[in-house]
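A.B. asks: Sequence and predicted model, in that order:
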Amino acid sequence: MLIAPSMLACDFSHMADEVKKIDAAGADLVHLDVMDGHFVPNLSFGPAVIAALRPHTKLPFDVHLMLSHPLAYIRTFAKSGADLITFHVECEDDPAAVIEEILACGCKPGLAVKPGTPVEALFPYADKLAMALVMTVEPGFGGQSFMADMMPKIRTLKEKFPTLTVEADGGIGPKTIDACREAGLDIAVAGSSVFNAEDTAQAIAVLK
Ligand code: DX5
Ligand code: ZN
């Protein structure tokens with residue numbers, strides 16, 4: 001399984017150093033949570049911050065857009081250095097149009113489902129997607145409790161679309177990652193369990 005530490009849990013006063021730290025510690029991707037204060041009741045950082053981090057690592061940037069209107073911002077995030085751009089099926093734009101825009105910008109499209117949304121909502125778009133993201137917490141904040149009852153969504157996706165990469169996000173740590181593995185997960189996002197650890201390399205190694 002690949003590990004994508006979420007920068008939402010890093011020390012924001014030293015973000016470049018934090019990116020270098022997870023790179024040296026064995027992270028596979030850098031997960032970047034973008035929030036608009038509307039789709040979720042929180043604000044984080046935007047494309048200028050992502051662009052500023054881009055020169056500090058060669059790891060792929062896995063950008064998770066928690067935006068009501070992602071379509072207008074896809075090009076900006078592509079230019080900021082995103083590799084994967086994931087948005088929510090619950091957004092107010094047409095998911096098919098957002099996927100087309102991500103592909104047109106040369107990035108890989110990902111589509112996310114909130115805990116309350118049936119995973120079937122992703123099915124119509126699966127053939128165009130590089131990744132499906134199953135939220136294992138309500139999006140908006142780090143440090144929440146893992147929802148084990150989301151595991152059937154991962155199983156369903158892997159059964160129905162065996163070649164589709166599936167990522168889970170929220171509350172993943174040493175105690176919850178086994179359930180993800182058993183469900184067939186490909187990429188685990190981990191914020192607090194990586195950045196709150198004293199030894200980052202050990203924290204990532206334990207998850208792997
Ligand atoms: C929540 C974000 C997550 C979050 C994960 O809205 O999408 O990426 O930062 O943090 P932890 O691992 O602490 O739950
Ligand atoms: Zn995220």
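C.D. replies: Looks like it arrived, so ask away. Given the structure is predicted, the values throughout are model-derived calculations rather than measurements. Ligands and ions are numbered 1, 2, ... in the order given.
A.B. asks: quick one: low-confidence ranges for the protein?
C.D. replies: Residue ranges of the chain with pLDDT under 70: none are present.
A.B. asks: Enumerate the residues of the protein near ligand 2.
C.D. replies: For the chain, the residues in contact with ligand 2 under the definition CB under 5 Å from the ion are 33, 64, 169. Yep, even glycine has a C-beta here, placed from its N, CA and C like the rest.
A.B. asks: Just put the residues you listed in JSON lines and tack on distance to Cys91 and secondary structure.
C.D. replies: Rendered in JSON lines, the data for those read as follows (distance: CB to CB, whole Å; DSSP: H, G, I helix; E, B strand; the rest coil):
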{"residue": "Asp33", "distance to Cys91": "15", "secondary structure": "strand"}
{"residue": "His64", "distance to Cys91": "12", "secondary structure": "strand"}
{"residue": "Asp169", "distance to Cys91": "16", "secondary structure": "strand"}
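A.B. asks: which of those residues are close to ligand 1?
C.D. replies: Applying CB under 6 Å from any ligand atom to those, one finds that 33, 64, 169 fall near ligand 1.
A.B. asks: which residues does the second one bridge with?
C.D. replies: So that's His64. Here His64 sits in beta bridges with Asp33, Thr86, as judged by DSSP bridges.
A.B. asks: for the last one, same thing?
C.D. replies: Each beta-bridge partner of Asp169 is listed here: Met135, Val189, as defined by DSSP bridges.
A.B. asks: My guess is it contacts Met66. True?
C.D. replies: No: using CB atoms under 8 Å, Asp169 is not in contact with Met66, being 10.4 Å away.
A.B. asks: what do the two both touch?
C.D. replies: Shared between the contact lists of Asp169 and Met66 (criterion: CB atoms under 8 Å, 6 or more residues apart in numbering) are residues Pro139.
A.B. asks: Would you mind listing what in the chain touches ligand 1?
C.D. replies: When proximity is defined by CB under 6 Å from any ligand atom, the chain lies next to ligand 1 at 6, 8-9, 31, 33, 64, 137, 139-140, 142-144, 169-172, 189-193.
A.B. asks: Show me which of those are buried.
C.D. replies: 6, 8-9, 31, 33, 64, 137, 139-140, 142, 169-172, 189-193 (16 or more other CB atoms under 10 Å).
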